[in-house]
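>>> got a predicted structure here, sequence first:
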Amino acid sequence: MAALVIYESLFGATHEVAEEIAAGLRQNMRATVISLHDLDPDQLPQSELIVLGAPTHTHGLSTPASRENAALLGLDGYSGLQLEHDHAPIGMAEWLEGAEFPADTAFAVFDTRIRGPRLLVGSAAHHLESVLRESGIELLTPPQSFYVMDNHRLEPGERERARSWGTGIELEQPNPFDGVLDPAPATPASIVVGHDGSAQADDALVTALELATALSAPLVIVRAWSIDTAPRGALFHDGFASPFSEVDARVRDLLIEETQSIRERHPGVAVEYQGVLGQPAEVLIEVSRNARMLVVGSRGRGGFASLMLGSVSEQCVRHATCPVLVVRPPGRDLDHEGS
Ligand SMILES: Cc1cc2nc3c(=O)[nH]c(=O)nc-3n(C[C@H](O)[C@H](O)[C@H](O)COP(=O)(O)O)c2cc1C
């Protein structure tokens, strides 16, 4: 999840607020702060959330004339105010006229202004809201104002308020289970084989490849994963939880790597790989729903314990909707195992 806080600021107050809001946002997502004048348009499509902030000038967003007045104030030497930029050719209103945003971007807006009834002092944030609304964009959260004193500096406590407003902006998180409990079903001509990385899964794979060769059938090799069995380092990066689709891809890569030497013995078989979050039997039954056959090892990584609890192969035999072949390890007598 990434947010971009874009601000316009003449004397620095809106800039300060933008930094605090970004610090708050970082509790939940990555956040970058950028002045309107340094913005690279390529940054816009990379952000799920865009927060826009501007100072209130003459009741709304700044205009060329109001910025000129601000520049005079900043240059008079008495006010103690320093301009953020020597030259600020455009303001938020002008920039928005030419800006293009990806359709699914979420927006929030804020301003800095003098404390007082909005009808009297105006609000750049409300102006921003109506400009965005004209383009069909609705805000994620109501416009927010942060107050400056007569000297244009932030009132005490406003930085803290800005930070907690940032923390409170919540994007609707994509459902991490979207799609994952709905793995792609194998085609009716395919043979599906489960592979959990165990020696017995290798045996099942050898048999499945032999059958696929004999029947000229495509093969789907499936590995189910859970939080406990996900590859090391796949669940988090840079301190953020990876989307499950990314972990699926890592599991799939590992599956390709671990089954390569066996697969190479049957170069004529068309093979597809799937890494899927879910309970192994459920995933295998789902993928093989319409398939020609499901092939599983008699035991997976769970060994004896999983056999006692009802092994994957047993659940597949009971519940799969296609024929199931359970491959015994060569030269072993299952009747006497574990006793
Ligand atoms: C030309 C000019 C016009 C302003 N008009 C308003 C106004 O109508 N309402 C208001 O609340 N503040 C007004 N202000 C005060 C600004 O809101 C204040 O300068 C701003 O919040 C400071 O933010 P900045 O440091 O990021 O530029 C005005 C300031 C300037 C320089």
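All right, it came through fine.
>>> C-alpha only now, for contacts and for neighbours.
OK.
>>> any idea which strand is longest in the chain?
In the chain, assigned by DSSP state E, the strand with the most residues is strand 106-114.
>>> which other residues reach it?
Contacts to strand 106-114, defined as CA atoms under 8 Å, 6 or more residues apart in numbering, come from residues 13-14, 48-56, 121-125, 128-129, 137-150, 171.
>>> can you tell if that strand touches the ligand?
Yes. Using CA under 6 Å from any ligand atom, strand 106-114 reaches the ligand at 112-114.
>>> next one: stretch 54-65
Yes. Stretch 54-65 is in contact with the ligand by CA under 6 Å from any ligand atom, via 55-59.
>>> among those residues, name the buried ones.
55-57, 59 (16 or more other CA atoms under 10 Å).
>>> from the residues you listed, which ones fall inside strands?
When these are checked against strands (DSSP E), the matches are residue 55.
>>> closest one to residue 155 out of the buried ones among the residues of stretch 54-65 next to the ligand, please.
residue 55 (14.1 Å; CA to CA).
>>> re the thing from before, and the longest strand of the chain, what's buried?
Residues 106-114 are the ones in strand 106-114 that count as buried (16+ other CA under 10 Å).
>>> export the residues of stretch 54-65 next to the ligand to TSV and tack on pLDDT?
Shown next, in TSV, are the residues of stretch 54-65 next to the ligand (pLDDT from 0 to 100):
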residue	pLDDT
55	98
56	97
57	97
58	95
59	96
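>>> which parts of the stretch 51-200 of the chain are strands?
106-114, 144-148, 191-194 (DSSP state E, counting those that start in this stretch).
>>> and the gap between the closest residue to residue 1 other than its chain neighbours and the ligand?
With CA to CA, 6 or more residues apart in numbering as the criterion, residue 1 has its nearest non-adjacent residue at 5.3 Å, and that residue is residue 29. Remark: distance between residue 29 and the ligand (CA to the nearest ligand atom, to the nearest Å) = 25 Å.
>>> where do the helices of the stretch 1-150 of the chain begin and end?
Applying DSSP state H, counting those that start in this stretch to the stretch 1-150 of the chain gives helices spanning 13-25, 64-75, 92-98, 118-121, 124-134.
>>> packing partners for the first one?
Which is helix 13-25. The contact analysis (3 or more CA pairs under 8 Å, 6 or more residues apart in numbering; DSSP states H and E) places helix 13-25 against strand 2-7, strand 30-35, strand 49-55, strand 106-114, helix 158-168.
>>> ditto for the shortest one
Applying 3+ CA pairs under 8 Å, 6+ apart, one finds that helix 118-121 contacts no other helix or strand.
>>> quick check: which element contains residue 205?
Assigned by DSSP states H and E, residue 205 belongs to helix 199-215.
>>> mind listing what's buried in that helix?
Buried-residue list, helix 199-215, by 16+ other CA under 10 Å: 200-209, 211-213.
>>> what do you get for stretch 133-142?
137, 140.
>>> extract the C-alpha trace of it and format it as PDB.
The C-alpha trace of stretch 133-142 is given here as PDB (Å, rounded to 0.1, in the frame of the first residue of the first chain):
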ATOM      1  CA  ARG A 133     -16.000  16.300  -7.200                       C
ATOM      2  CA  GLU A 134     -16.400  18.100 -10.600                       C
ATOM      3  CA  SER A 135     -14.100  15.300 -12.000                       C
ATOM      4  CA  GLY A 136     -16.200  12.700 -10.300                       C
ATOM      5  CA  ILE A 137     -13.800  12.000  -7.500                       C
ATOM      6  CA  GLU A 138     -15.200  11.500  -4.000                       C
ATOM      7  CA  LEU A 139     -13.000  11.800  -0.900                       C
ATOM      8  CA  LEU A 140     -12.200   8.900   1.300                       C
ATOM      9  CA  THR A 141     -12.600  11.100   4.400                       C
ATOM     10  CA  PRO A 142     -14.000  14.700   4.900                       C
END
